[in-house]
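> Have a look; sequence and predicted model below, questions after that.
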2 protein chains.
Amino acid sequence: MFDPVEKLKEFIRCPSVSTDPKFKEGMVGAQNFVSGLLGSLGFKVEVVKTDVHPIVLASRGGDPAWPHVVIYGHYDVQPADPLGLWKTKPFEPTVIGNRIYGRGAADNKGPLMTNIAAVAQLLEENPGLPLRITFLIEGEEEIGSPSFPAFLAAYADRLRQADFVYLSDTALPNESQVVITCGLRGLGLFDLIVTGPKGDLHSGLHGGVLRNPIQALAEICATLHTPDARVNVPGFYDDVLEVEPWERAELAKLAGDGKAYMDFLGIDAFYTPPGFSPFEAIRFQPTLEFNGVGGGYQGDGTKTVIPSRAFAKISCRLVPNQEPDKIKGLVMEAIRARTPKGVKVEFVDQHKGDAYVVVPPGRPNTPKDQSPVLARAFRATEAAVTAVWGRPPLYLREGGSVPIIPQIKNATGLDSVMLGLFLPEDNLHAPNESFNLDVMEKGVETAKRILSGITS
Amino acid sequence: MFDPVEKLKEFIRCPSVSTDPKFKEGMVGAQNFVSGLLGSLGFKVEVVKTDVHPIVLASRGGDPAWPHVVIYGHYDVQPADPLGLWKTKPFEPTVIGNRIYGRGAADNKGPLMTNIAAVAQLLEENPGLPLRITFLIEGEEEIGSPSFPAFLAAYADRLRQADFVYLSDTALPNESQVVITCGLRGLGLFDLIVTGPKGDLHSGLHGGVLRNPIQALAEICATLHTPDARVNVPGFYDDVLEVEPWERAELAKLAGDGKAYMDFLGIDAFYTPPGFSPFEAIRFQPTLEFNGVGGGYQGDGTKTVIPSRAFAKISCRLVPNQEPDKIKGLVMEAIRARTPKGVKVEFVDQHKGDAYVVVPPGRPNTPKDQSPVLARAFRATEAAVTAVWGRPPLYLREGGSVPIIPQIKNATGLDSVMLGLFLPEDNLHAPNESFNLDVMEKGVETAKRILSGITS
């Protein structure tokens, strides 16, 4: 029988760091490993070349009447640095107790192998399983999936034949509670540059006659929020998807502890918009954040300069129905209107990503035209999780962004069922990353039940 | 007869860059040169050791009834970098037309040599000149005179025997107009650090629940000015010395061209407090400037981080009667009172310097107890400038700071007569520094008349 832990060890041994050209061999190794593994399970494997790292497409066809699931995952990992903080070797998988340590163990090799194992065992038990499956496994997730839009453009027609996407690349809040991620925030980013005098000036010779660009930047940025923590830009909230009462009720079941969260952040007061708890604000409200600011002299001691320019790096986390370019435009327009005389503003556009939401069946806001297979997948997921974990999953939107999910939705119309398998203590993107093997075992059983559940 | 241009060439050939230990030999050379030169003129030379570069004290005694002038200058220069932009070698003095090129030609070797030449020629013509003279020539001016306070503490009693200080280390607005600098702004500097969460945070996972430290910093900084360009800190203006009508009238004679000044700065609007032209604001009003700002991600592209902290480097230019520590305290108090919940502020104190003002005789605000010798020096200066340059000098406060002038005043009670000799086009602190030899010639004649004038 397919042994997911042994296969996961082999997978982790390939040092597939996508951002670092020195790991080219590890990338090829991981891609070959996963292609070979899926080939050995009877899948037809295509390696789709991209500008950076290839995408593995592996399909099991069948009767066009069978449901068709796309299982997403990624074979690349974060760099292992700083190496000195690892207690085991990052690319030497090591099992200690009920955990397997290694870079990528949780993000995403363990969860991906969980789903491959479920498929392998299902097909072993029932070679005639009436389910079409396409594995879509990319190698650029950790570098922002730059090749994904071009891939989607070329393969949208084929992917559109499927019914939904299934993936495990989100989190469990704790070992006993599964979460189905039903929403993701979008992103809109740009830099704001404020220029005053044409060159840096001596603050003694010229101080007192002109508006310092750092002052102007501060004055502009200070207008962008209200005292009660809303974004102070006309139209910013116009398209925000309203929160359904069932979403608040679902989140309430998680019973977040505000005091513990404040301690974790190291702050003595929250700053959330009226009507939203901190746990709600993260998931249901858009933000405007300053990710960086710079200008003038930043070294030790002093330099009595009036700088020529100063900048801020701004990002908005967006919620469903907010359009990134529209929001960027509104913020830029507000900034232009609030720019004082004596300085000029310019913008450097950065990237963007749509928000995403999917509604499980049976909710007041479930789309009337929801795909029956997707509805079945959600029902199968609820049944599987309840049976294996002893309690039903929670359906929650998350604060983060997974740009490929709305990209797939926009290109193909496919929604995603996101079943999280990594835990807060798994140290993703950090030293001593590990994956909980009890979670993996339950995850295999859960995925088997889900995948067979949608065939019935 | 003493040839100031030949002596200046010798002086420039000593590469006396005080900030760079590689120029140790040049510093010793310049110090030896100036000591030797003054010794050869009959002065008693003392080389006063300091923690960094020695101070040269050279005295010509005489009848205690004779007036006693301290002539200040400095033998150190700025670095010559970037060398590639020089058209001549910076430490190879080169005369082209009526200018001598070389690092330090204008700041301060040319003006200092002008005054030495005046003394040399005066004593040559009249060896019995009834004037006591002490040259005080430091080697740390370009690095902020760190040893000067300790020197003053040790030598204050001796310096107190003198009547006033004479120096040429300020500017002429143009070749036909001499300015006597009658005031300097002071300085008070500190860093403001705003801390929010205890570590950097992911803006997706946590954005929307806490006040971003960059936002808090912007909100605090944006409160520190009014829309009409005053500093918005209670008590900030309480001690500001009022501007005398004669000071405004004097400045009006310079006939500053606002449009030309805006073009020079590269701005399209001034930002000056009500009741002050830009030329007045620089000289008569205090400021609060942001010299630097930093926090979060400042590289190319984006990083969706909520930083743990952000900072601003703040400096106030102060006018006479404002006490730097008091003003720093007021600004810090205002900042503390305006700090929103959820972040903490702390301050890193930086340096400070007093403002300075001296009033020429015969003005409505001239101190009743003004030293008669100082009054005579001002009158002699007016007569000398009028005779040599064809028009009387202007008596103006300046926007910059020369910390040693108030330090001398505070330690010894001595006021300074500051007669500028360098021109805006002399490129101080920049490549191709030069000194106008016509100005030098007039300067020697002017100084001779001033120094002999105070004896009569």
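Received, thanks. Here the structure is a predicted model, which means the values were calculated and not measured.
> Is there a neighbour count for the residue of the stretch 51-200 of chain A found nearest chain B? I'd like the number.
Residue of the stretch 51-200 of chain A nearest chain B, by C-beta to the nearest C-beta: A:K198 (2.8 Å). Glycine gets a C-beta too; all of them are placed from N, C-alpha and C. Burial of A:K198 is recorded as 13 neighbouring residues (other C-beta atoms under 10 Å in any protein chain shown).
> cool, and A:V47?
Neighbour count for A:V47, taken as other C-beta under 10 Å: 13.
> what about it, distance to chain B?
Distance check for A:V47 against chain B: by C-beta to the nearest C-beta, to the nearest Å, it reads 29 Å.
> do the same with A:F422
Counting by C-beta to the nearest C-beta, the gap from A:F422 to chain B is 13 Å.
> got it, and A:G443?
In terms of C-beta to the nearest C-beta, A:G443 sits 22 Å off from chain B.
> try A:V417
Relative to chain B, and taking C-beta to the nearest C-beta, A:V417 is found at 20 Å.
> Now the residue of the stretch 51-200 of chain A closest to chain B: closest residue in space that isn't a chain neighbour?
In this structure, A:K198 finds its nearest non-sequential neighbour in B:G266, 2.8 Å apart by C-beta to C-beta, 6 or more residues apart in numbering or on different chains.
> tell me the secondary structure for the residue of chain A positioned farthest from its centre?
In chain A, the greatest distance from the average C-alpha position (C-alpha atoms, centre = their mean) is reached by A:L205, at 50.9 Å. The three-state label given to A:L205 by DSSP: H, G, I helix; E, B strand; the rest coil is helix.
> Make sure it is actually in contact with B:I282.
Yes - taking contacts as C-beta atoms under 8 Å, A:L205 lies within contact range of B:I282: 7.3 Å.
> A:V402: how many residues sit nearby?
Neighbour tally, A:V402, other C-beta under 10 Å: 23.
> er, A:D257 actually
By other C-beta under 10 Å, the burial measure for A:D257, its neighbour count, is 11.
> Return the distance of it relative to chain B.
Per C-beta to the nearest C-beta, A:D257 is found 13 Å from chain B.
> A:K9 too?
29 Å.
> Doesn't that residue lie inside a helix?
Yes - under three-state DSSP, A:K9 sits within a helix.
> helices or strands next to the helix or strand where A:E247 lies in the packing?
Taking DSSP states H and E as the criterion, A:E247 maps to helix A:245-252. On a contact count with 3 or more C-beta pairs under 8 Å, 6 or more residues apart in numbering or on different chains; DSSP states H and E, helix A:245-252 meets helix A:278-284, strand A:394-397.
> and it, average pLDDT?
For helix A:245-252, mean pLDDT is 96.
> and what of stretch A:436-453?
98.
> for A:A171, which residues make a bridge with it?
Per DSSP bridges, the residues bridged to A:A171 are A:F422.
> May I ask which helix or strand encompasses A:K313?
Using DSSP H and E, A:K313 sits in strand A:309-318.
> Report the buried residues of the helix or strand that comes right after that strand.
Once strand A:309-318 ends, the next helix or strand along the chain (criterion: DSSP H and E) is helix A:324-338. By neighbour count with 16 or more other C-beta atoms under 10 Å in any protein chain shown, helix A:324-338 contains the buried residues A:324, A:327-328, A:330-332, A:334-335, A:338.
> Would you mind getting the angle between helix A:324-338 and strand A:309-318?
Computed by axes from the mean of the first three to the mean of the last three C-alpha atoms, to 10 degrees, the angle separating helix A:324-338 from strand A:309-318 equals 140 degrees.
> which strands and helices sit next to helix A:324-338?
In terms of contacts (3+ C-beta pairs under 8 Å, 6+ apart), helix A:324-338 is packed against strand A:186-195, helix A:213-222, strand A:309-318, strand A:344-353.
> For chain B, which of the ones you listed is the nearest?
Closest to chain B of the helices and strands packed on helix A:324-338 is helix A:213-222 (C-beta to the nearest C-beta; 3.6 Å).
> That closest one vs chain B: in contact?
Yes - judged by C-beta under 8 Å from any C-beta of the partner chain, helix A:213-222 and chain B are in contact via A:214-215, A:217-219, A:221-222.
> Turn those residues into CSV, including pLDDT and neighbour count.
What follows is these, written out as CSV (pLDDT from 0 to 100; neighbours: other C-beta atoms under 10 Å in any protein chain shown):
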residue, pLDDT, neighbour count
A:I214, 98, 29
A:Q215, 98, 27
A:L217, 98, 29
A:A218, 98, 28
A:E219, 98, 23
A:C221, 98, 26
A:A222, 98, 19
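> buried ones in stretch A:242-253?
Going by neighbour count (16+ other C-beta under 10 Å), the buried part of stretch A:242-253 is A:243, A:247, A:250-251.
> And these, which is closest to B:A430?
Set against B:A430, the nearest of the buried residues of stretch A:242-253 by C-beta to C-beta is A:V243 (60.7 Å).
> just the strands in the stretch 351-456 of chain A please.
Using DSSP state E, counting those that start in this stretch, the strands of the stretch 351-456 of chain A run over residues A:356-357, A:394-397, A:416-419, A:434-436.
> just so I know, which of the ones you listed lies nearest A:N126?
With C-beta to C-beta as the criterion, A:N126 lies closest to strand A:416-419 of these, at 21.2 Å.
> Using CSV, write out the CA atom coordinates for that closest one.
Output of strand A:416-419 as CSV, limited to C-alpha atoms (Å, rounded to 0.1, in the frame of the first residue of the first chain):
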residue,chain,number,x,y,z
SER,A,416,-12.1,26.0,-4.9
VAL,A,417,-12.6,23.8,-1.8
MET,A,418,-9.7,24.7,0.5
LEU,A,419,-9.2,22.3,3.3
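> Run the chain-centre distance for stretch A:86-106.
Computed by C-alpha atoms, centre = their mean, to the nearest Å, the chain-centroid distance of stretch A:86-106 equals 23 Å.
> same question, stretch A:215-228
Chain-centre distance of stretch A:215-228: 29 Å, with C-alpha atoms, centre = their mean.
> ok, now stretch A:114-124?
Distance of stretch A:114-124 from its chain centroid, counting by C-alpha atoms, centre = their mean, is 25 Å.
> Give me the residues contacting it.
A:1-2, A:4, A:7, A:34, A:37-38, A:41-42, A:60, A:71, A:73, A:129, A:133, A:135, A:166-168, A:421, A:440, A:443-448, A:451-452 (C-beta atoms under 8 Å, 6 or more residues apart in numbering or on different chains).
> Mind giving me the PyMOL select for those, buried ones only?
Entered in PyMOL, the line below selects the buried ones among the contacts of stretch A:114-124, by 16+ other C-beta under 10 Å:
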select buried, chain A and resi 2+4+7+34+37+38+41+60+71+73+129+133+135+166+167+168+421+440+443+444+445+446+447+448+451+452
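> ok so, going back, could you point out which element follows the helix holding A:E247?
Later in the chain than helix A:245-252, the nearest helix or strand by DSSP H and E is helix A:258-265.
> Please identify the buried residues of that next one?
A:261-262, A:265.
> again with stretch A:109-125
Under the neighbour-count criterion of 16+ other C-beta under 10 Å, stretch A:109-125 has A:109-123 buried.
> out of the residues you listed, who's nearest B:R230?
Of all the buried residues of stretch A:109-125, A:P111 has the smallest distance to B:R230: 59.8 Å, by C-beta to C-beta.
> My guess is the closest one contacts A:G73. True?
Yes - with contact defined as C-beta under 8 Å, A:P111 reaches A:G73; the gap is 7.1 Å.
> which neighbours do the two share?
Common contacts of A:P111 and A:G73, defined by C-beta under 8 Å, 6+ apart, comprise A:168-169.
> need the contact list for the residue sitting nearest the centre point of chain A.
In chain A, the residue lying closest to the centroid (C-alpha atoms, centre = their mean) is A:V402, at 3.0 Å. Contact analysis of A:V402 by C-beta under 8 Å, 6+ apart lists A:169-170, A:184, A:356, A:418.
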